[in-house]
Structure formats: C-alpha cells, structure tokens
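A.B. asks: Fold the following for me, if possible:
(one chain, ligands or ions: 2)
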Amino acid sequence: MRLMTENKRFAVVPAGRRSGKTELAKRKLVMELPKKKPWSDARYFAAAPTRDQAKRIFWKDIKALTPGKWVKKVFETDLCITTVFGSELWVAGLDKPQRIEGTPWDGGVLDEYANMRPTAWSENIRPALSDRGGWCWFIGVPEGLNHYKDLFDYASSGADPDWGAYTWKSSEILPADELESARRVLDQRTFRQEYEASFEGAAGRIYYAYDPKRHENGPIRAIPTLPVLICCDFNVDPCVWEVAQTDGRTVWVIDEILLRNTNTVEMGKEALSRYGGHKAGAIIYGDAAGMNRSTAGKSDYALLYELGFRDQRIKKANPNVKDRINALNAMLENTAGEARLFHHPRCTALRKDFEAVEWREGGRDINKSNPLLTHATDALGYFMEYEFPLRAVRFDPGKRFYK
Ligand SMILES: Nc1ncnc2c1ncn2[C@@H]1O[C@H](COP(=O)(O)OP(=O)(O)OP(=O)(O)O)[C@@H](O)[C@H]1O
Ligand SMILES: [Mg+2]
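C.D. replies: Ligands and ions are numbered 1, 2, ... in the order given. Okay, the predicted model is just below:
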C-alpha cells in the first residue's frame, strides 16, 4: 500500500520471490499512461538486465493490462506501446543501455536490479530522468551486499525525501505450503535472501554449512547395487574427480581421483582401474565445457566414451555458478537442518574445498586464485545441480490473478 500511495520519486523495493513486485510495477506503469504532462510524449520504461529477460517479464502482461481503447499502436519488434494519450511504454534490456540513454524519460522500473551493473543507474538512467523529473522503481531480490543494498540503505536512512524504501517477505503473499516446500530444498541463507529479501553477507566461505565432524564419515563403503557416479572437472594440474553414490535422497562421496599434471585419458584409466569392475556400472557427470574442448581432436567426453564410460549425463551448457553452489549447500544442510551429503575421509581435496573455497570480492563469483582449490567442489557441483537442482517455485501462468 505504502509503495503504491506514497508516490516517492525513487522507490527501492527489495522483496521476497514471487511476492508481486513485478506485478505491482506493471500496474504502476500502465496507470501512468493516461496522466497529463506538460509535454505530449510522456515516455516510460520497463527494464530488466537483458532484453530477453525484459521481454519475458513484461511484454505480454503489459499488453494485456493496457486497455485496448488506450492503445494507438503496438510495435512488436521495438517492444513499445504508444497510446492515444501520446504516451509511450518501452520494454528494454540494460544489455543495450543506449536505448535508455539520451532520451528523456518520465519514469520507469528497473526489475532484478541487483543483477544490473552498478553504473547502469548512475551513468545511464539517472541523467535521462533529469529533464522531466522522472521517477524510478528499483525492484528485485537482494544479491549479497552489493549496490542494491547501498541504494536500499540510502533510501531507508530517510536523509533524502525523494527516496522511499519498501520491503516485504514472500510469506506475506505466498501460501504457507508453497513456502514450506521452498524451505525444504533451500539452505537457510538462500532462503532468507530469496524469500525474506534479506541482504546476506556473501563474503567468506562459500560452503559455510560444511563441518567435517558432521559430513566426513569413515565407514562409507561403495554399495555394490548402486552405480558409481564419476563427477569430472577437466583440469590439468591438479585434476580432481569425485566418485559418489546416491539412493536418490542422500549422496555419499566414496572416493576421489586426484592426479597432478595429467589429462583426461589418464584420469579415465585411473577411474577404470578402480571402478571398471563395479557391477552396477558407472555414470559420468561433469563440466559442460568438456563437450567442446578437445585433446587430439576429440572432446573429453568422447575420450571417456571410448574408454567404456558410455553413460554420460552432461548438460548442454553449464548451470549458473550460483545454482551449482546452492545445490551443494542445500545438500550439506537444508533449512530443516538435515545433512544429506557425506564423504569418505580419503576425499581430502573435497574437504579442503569445502573448508577453504571463498567468494571473490563482491560475493558474486568463486575466488579461483588458488590453483589447488575449487576443482573438487566444481566437479561434485555439476553432478549435484544435475540430479538435485533447486527449483523452488516455478512460474505458473495458470495462476495469474488479473484474468
Ligand atoms: N497480490 C497477489 N495476489 C495473488 N497473486 C499475485 C499477487 N501478486 C502477484 N501475484 C501473482 O503471483 C505471481 C508472482 O508475481 P510477480 O511476478 O509479480 O512476483 P515477483 O515478486 O516479481 O517474483 P520474482 O521474484 O520471481 O520476480 C504472478 O503470477 C502474479 O500474477
Ligand atoms: Mg519479478
């Protein structure tokens, strides 16, 4: 209510996932269209980090929300609606900031603001709002302690009357069972960030839930009736693969293959010597980049195939780094406090990774400065994201409420 009625020129709106941020923004934009202005061509934007994203988030809904008798023309390729009042509404991606720069705007919305470049606002958008005293909404969920938090802190401080800060949790909008199902698969920090719009410090250890006392387990043995899952990351020195098994719920990492100064064939032969005779078979998981890269004209996976590893489960493209990390963290500990990932003490590189891999400054990527680290968790992460991905709440077009 406050967001819609206070009419602050700049509104910073970090709020929980699926809690109606974008929906409110669409309504705000469409309701602006008939407003009388001292000029005849009031212009508004609905922006997201990329054009594809902006189109997917806004375009269909904005067309549906704009009453037919307001519409003068719809430009499908430009993603623009012009109205009989003279106003225009543009859907734009900030991967092409030129579309925003250089023209005066009366107002607009930046969706998924945490994923935009910090300079998009200060250098491209703010100047374009100056001529007409344009307004702007910054909506999205937090993403670590980045520029979105700075803006939110500024708006909340009350120091600048042009700025308002608004936040709410998903629990205020979403049904309780939907939240519970998200809570079960997400780790606590991710849950707080995504569903409670909390700005979580991301610096420090990535696998913060890891504790060797809890996750290292000496008695783990290979289970003969379950296939061995060989998780690959193709590096030269060192190259680390993790060998795991799962019953579909719990994952046991039973072994680690670590060679220095090596190549895919040597690694594959080592895996073969250890698990070639495993009755329930072996499945290969790993880095999608291994599809393209080649040694002697063959991809890493083709080489493994020739060695006899026929069952390969590789995605066409690698998942987002965050998805991979979230999948691992959620297996280390979900919000219900359960651990579902255990490893044998011989997996020393894995343990070291869990204990030492850190975020890069800014908390958006893995710190790869130590060449000995990250390979084990990368390798295991590809498998984890493949078999235990976090798809908390899917977009359900059947659930739109303005139909
Ligand atoms: N107040 C509401 N009551 C019922 N349904 C709503 C309400 N607000 C939004 N919705 C519906 O819930 C879904 C999520 O809304 P919306 O896309 O605006 O959320 P969001 O906060 O932008 O989510 P995301 O974080 O995924 O971008 C949409 O299908 C929307 O139509
Ligand atoms: Mg949204």
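A.B. asks: Residue 384 contacts residue 331, correct?
C.D. replies: Yes - in this structure, residue 384 is within contact of residue 331 by Cβ atoms under 8 Å, at 6.1 Å. (Each C-beta comes from the backbone N, C-alpha and C, glycine too.)
A.B. asks: what residues do the two have in common as contacts?
C.D. replies: Common neighbours of residue 384 and residue 331, counting by Cβ atoms under 8 Å, 6 or more residues apart in numbering, are 251, 341.
A.B. asks: Any stretches of the stretch 151-300 of the chain with poor pLDDT?
C.D. replies: Scanning the stretch 151-300 of the chain with the threshold set as pLDDT under 70 gives 201-203, 293-296.
A.B. asks: At the contact with ligand 1, which residues of it appear?
C.D. replies: For the stretch 151-300 of the chain, the residues in contact with ligand 1 (Cβ under 6 Å from any ligand atom) are residue 173.
A.B. asks: who's in contact with residue 356?
C.D. replies: Listed by Cβ under 8 Å, 6+ apart, the contact partners of residue 356 are 205, 370, 373.
A.B. asks: from these, which would you call buried?
C.D. replies: Among the contacts of residue 356, those scoring as buried are residue 373 (criterion: 16 or more other Cβ atoms under 10 Å).
A.B. asks: got the contacts of residue 356 as a markdown table, with distance to residue 317 and secondary structure columns?
C.D. replies: Shown next, in a markdown table, are the contacts of residue 356 (distance: Cβ to Cβ, whole Å; DSSP: H, G, I helix; E, B strand; the rest coil):
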| residue | distance to residue 317 | secondary structure |
| --- | --- | --- |
| 205 | 27 | strand |
| 370 | 26 | coil |
| 373 | 24 | coil |
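A.B. asks: nearest to ligand 1, of the contacts of residue 356?
C.D. replies: residue 205 (26.6 Å; Cβ to the nearest ligand atom).
A.B. asks: Which residue is the nearest non-sequential neighbour of that closest one?
C.D. replies: residue 358 (5.9 Å; Cβ to Cβ, 6 or more residues apart in numbering).
A.B. asks: And residue 381, by the same measure?
C.D. replies: In space, residue 381 is closest to residue 324, 3.8 Å off (Cβ to Cβ, 6+ apart).
A.B. asks: likewise residue 308?
C.D. replies: In space, residue 308 is closest to residue 272, 6.7 Å off (Cβ to Cβ, 6+ apart).
A.B. asks: Where does the one you found sit, in terms of helix or strand?
C.D. replies: Under the criterion of DSSP states H and E, residue 272 resides in helix 264-275.
A.B. asks: do residue 54 as well
C.D. replies: helix 51-54.
A.B. asks: next one: that helix to chain centre, how far?
C.D. replies: How far helix 51-54 lies from its chain's middle: 15 Å, per Cα atoms, centre = their mean, to the nearest Å.
A.B. asks: what about it, average pLDDT?
C.D. replies: Helix 51-54 shows a mean pLDDT of 95.
A.B. asks: counting contacts, what elements does it pack onto?
C.D. replies: Contacts defined by 3 or more Cβ pairs under 8 Å, 6 or more residues apart in numbering; DSSP states H and E place helix 51-54 against strand 43-48, strand 88-93.
A.B. asks: nearest to residue 111, of these?
C.D. replies: strand 43-48 (4.7 Å; Cβ to Cβ).
A.B. asks: Tell me if that closest one is near ligand 1.
C.D. replies: No - using Cβ under 6 Å from any ligand atom, strand 43-48 stays clear of ligand 1, with a minimum separation of 9.6 Å.
A.B. asks: quick one, that strand and strand 88-93 angle?
C.D. replies: Orientation of strand 43-48 against strand 88-93 (axes from the mean of the first three to the mean of the last three Cα atoms, to 10 degrees) gives an angle of 20 degrees.
A.B. asks: Any residues of the stretch 1-150 of the chain in contact with ligand 1? List them.
C.D. replies: 17-23, 141.
A.B. asks: Distance check, the residue nearest to residue 308 against ligand 1.
C.D. replies: Distance of residue 272 to ligand 1, given as Cβ to the nearest ligand atom, to the nearest Å: 45 Å.
A.B. asks: residues touching that residue, list them.
C.D. replies: 307-309.
A.B. asks: How about residues contacting the helix holding residue 54?
C.D. replies: Residues contacting helix 51-54 (Cβ under 8 Å, 6+ apart): 46-48, 79, 91-93, 95-96, 111-112.
A.B. asks: can you list contacts of the helix or strand that it is followed by?
C.D. replies: Proceeding N to C from helix 51-54, the next assigned helix or strand is helix 60-65, under DSSP H and E. Contacts to helix 60-65, defined as Cβ under 8 Å, 6+ apart, come from residues 26-27, 29-30, 46, 74, 81, 89, 91, 402.
A.B. asks: Could you rerun that using 6 Å?
C.D. replies: Residues outside helix 60-65 that contact it (Cβ atoms under 6 Å, 6 or more residues apart in numbering) are 26, 30.
A.B. asks: re the thing from before, top of the contacts of residue 272 by neighbour count?
C.D. replies: Of all these, the highest neighbour tally under other Cβ atoms under 10 Å goes to residue 309, namely 21 neighbours.
A.B. asks: now that one: how far from ligand 1?
C.D. replies: 38 Å.
A.B. asks: Residue 386 should be in a helix, yeah?
C.D. replies: Yes - the assignment for residue 386 is a helix, going by DSSP: H, G, I helix; E, B strand; the rest coil.
A.B. asks: Now for it: which residues touch it?
C.D. replies: With contact taken as Cβ under 6 Å, 6+ apart, residue 386 is in contact with 285, 313.
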